[in-house]
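Undergrad: predicted model, plus sequence, below.
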Amino acid sequence: MTQDSGSWDESYRRDAPPPWDIGHPQPRFAQLAETGALAGRLFDCGCGTGEHSLLAASLGADVTGVDLSATAIAKARRKAEERGLSVRFEVGNALELPAPEVAFDVLIDSGVFHSFDDTDRLRYVASLRRQLRIGGACYLMCFSERQPGDWGPRRVRAAELREAFADDWAIELERAIFEVNEIEGVVEVQAWFVTARRTR
């Protein structure tokens, strides 16, 4: 899926939630939170309805969440109000993010990277770099080529991730599991979890 706000918005207007909107944080991000990594000024890129943003805020992080879908952002704001948490939720295009006045310490991406083609992927990584301070960490999870089938987003190879983050980043890859709402009987998807630290 491309950065078309109408397409993404439609995903959140259906009776059933989209596959990635599972109603709680992805387990790998919940594990990361337990280590204290989701702290300081944190940017959630493609935040959807806000579960990862709200998790970080509940632990004391200063959080900004951005998503292309106005419907998703409205839902995220309602959740924040219901839970008594303070998060800045804004509508925005991940490919066109302006540099913040103060760079973020941490950036998270749960399921955005794999939505881009080769050209936009490079634009996206450059956009992420603008958000993050030197030494800051980007935690990213995307579909892996190990996942069988051809439904859903493009599968990403380890080499593609290393190439995308080749300049100005030090990266580590690990195998992970994406939880999804059921698709063709599947509720868990093979994924890559990336830790990328901005080096310059």
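TA: Done, it's in.
Undergrad: hey, let's count contacts and neighbours off CA atoms from now on
TA: OK.
Undergrad: and E172, bridged to which residues?
TA: Counting by DSSP bridges, E172 forms beta bridges with T195.
Undergrad: got a pLDDT number for it?
TA: E172 is assigned 98 on the pLDDT scale.
Undergrad: run through the residues that contact it.
TA: E172 is in contact with 194-196, counting by CA atoms under 8 Å, 6 or more residues apart in numbering.
Undergrad: confirm C47 sits in a strand?
TA: No - counting by DSSP: H, G, I helix; E, B strand; the rest coil, C47 is not part of a strand but coil.
Undergrad: right, and it touches L54 too?
TA: No - judged on CA atoms under 8 Å, C47 makes no contact with L54 at a distance of 9.8 Å.
Undergrad: phi, psi of the residue of the chain positioned farthest from its centre?
TA: Residue farthest from the centre of the chain, counting by CA atoms, centre = their mean, is G185 at 24.1 Å. Dihedral pair for G185: phi 80, psi 0, per degrees, to the nearest 10.
Undergrad: now it: how far from T35?
TA: G185 is 32 Å from T35, where distance means CA to CA, to the nearest Å.
Undergrad: show me the strands in the chain, by range?
TA: Here the chain has its strands, by DSSP state E, at 41-45, 62-67, 88-91, 104-110, 132-143, 169-183, 186-198.
Undergrad: could I get those in JSON lines, plus columns for distance to E10?
TA: Formatted as JSON lines, the strands of the chain follow (distance: least, CA to CA, whole Å):
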{"stretch": "strand 41-45", "distance to E10": "19"}
{"stretch": "strand 62-67", "distance to E10": "13"}
{"stretch": "strand 88-91", "distance to E10": "15"}
{"stretch": "strand 104-110", "distance to E10": "19"}
{"stretch": "strand 132-143", "distance to E10": "22"}
{"stretch": "strand 169-183", "distance to E10": "17"}
{"stretch": "strand 186-198", "distance to E10": "22"}
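Undergrad: closest to W151 out of the ones you listed?
TA: Closest of the strands of the chain to W151 is strand 169-183, at 8.5 Å (criterion: CA to CA).
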